[in-house]
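S.K.: Generate coordinates for the sequence data below:
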Amino acid sequence: MWRFHIQKIKKVIYSVDIYKNRTLVTEEGITLSSRIFKPRELEKAPTILVRIPLTYSLTDSLKTELVGRFWSTRGYVVVIQGTRGRYRSSGEFYPLIHERKDGLETLKWLRNQSWFDGDLFMWGSSSFAHTQWAISNSTDPKIKAYFMHIGSSNFKEMFYPGGAFSLASALYWTIRSRGQEDREVDLNDLAKGVEILPVVQADNIAIGDTDFFNDWVMNRGNLSFWEKIDGSKRTESIKDQCYI
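M.R.: Modelled structure (predicted):
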């Protein structure tokens, strides 16, 4: 997740101002919370946006600090924002489904910030990468480059490889991600869940009834559901630099 080509990285030049818990309120009334790292000596600078569905914990805060300072000392404003329901952002956490709408509203908010110079980039792996695919055809403001690592753009194929439901993968993700905080997965809970029929009740046994797991199971043939979280069509039309 933290891979860099050291020989090509700029030297540390700037000191950093950090602004914690900076918020925007979406049209739906959801408060999205960000931590902003800004080069102190620059009035305006290129911006790197990272949207994270993580727990607000000491470990994740330290990682946020590391990433934010790394880029900001080299001349970038870094905005690390919790997705809906995570990292001090309000609302219910439901993986993948809100990333396009909330992401586009975040871009409009960025455009109006005094330090924004018009150059915007995104960065991150795994679920961070999905937040990039979700808005990769945005034009206002335009994202000039993406860095995506281990991030699927097609979750229908991920959950239904070859047409069969990938129960272990979906249930593992559900156990780990249910609620406002990530948790360690107890493999005993996972084993109990995968033995249950019907499949839609596996989450009840493993961790508790979970809306997004139920939706993954029940919407196998519902293309409109998967299109909401699918970035495949946008991957075909993206014309900006995309490092995968």
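S.K.: Show me which positions of the helix or strand hosting residue 157 end up buried.
M.R.: In this assignment (DSSP states H and E), residue 157 forms part of helix 155-159. Neighbour-count burial for helix 155-159 flags 155, 156, 159 (criterion: 16 or more other C-beta atoms under 10 Å). No exception for glycine: its C-beta is placed from N, CA and C like everyone else's.
S.K.: Please name the nearest non-neighbouring residue to the second one.
M.R.: Residue nearest to residue 156 in three dimensions, not counting chain neighbours: residue 226, with 4.2 Å by C-beta to C-beta, 6 or more residues apart in numbering.
S.K.: what sits against the one you found?
M.R.: Contacts here follow C-beta atoms under 8 Å, 6 or more residues apart in numbering; on that basis residue 226 touches 155, 156, 219.
S.K.: Quote the end-to-end distance of stretch 187-207.
M.R.: Taking C-alpha to C-alpha, to the nearest Å as the measure, stretch 187-207 stretches 11 Å from start to finish.
S.K.: Let's verify the residue nearest the centre of the chain: helix, strand, or coil?
M.R.: What sits nearest the mean C-alpha location of the chain, by C-alpha atoms, centre = their mean, is residue 128, with 3.4 Å. Of the three states, residue 128 takes helix under DSSP: H, G, I helix; E, B strand; the rest coil.
S.K.: what's the offset of the helix holding residue 157 from the middle of its chain?
M.R.: Relative to the chain's own centre, helix 155-159 is displaced by 17 Å; criterion: C-alpha atoms, centre = their mean, to the nearest Å.
S.K.: outside of the very next helix or strand once past it, which residues touch it?
M.R.: Using DSSP H and E, the helix or strand that follows helix 155-159 in sequence is helix 167-177. The contact list for helix 167-177, computed with C-beta under 8 Å, 6+ apart, reads 53, 93, 95, 158-159, 182-186, 189-190, 193-194, 199, 202-203, 206-207, 210, 212-213, 216-217.
S.K.: buried subset of those?
M.R.: 53, 93, 95, 159, 182, 185, 190, 193, 199, 202-203, 206-207, 210, 212-213, 216-217.
S.K.: rewinding a little: which one of the contacts of residue 226 sits closest to residue 35?
M.R.: Closest approach between the contacts of residue 226 and residue 35, by C-beta to C-beta: residue 155, at 27.6 Å.
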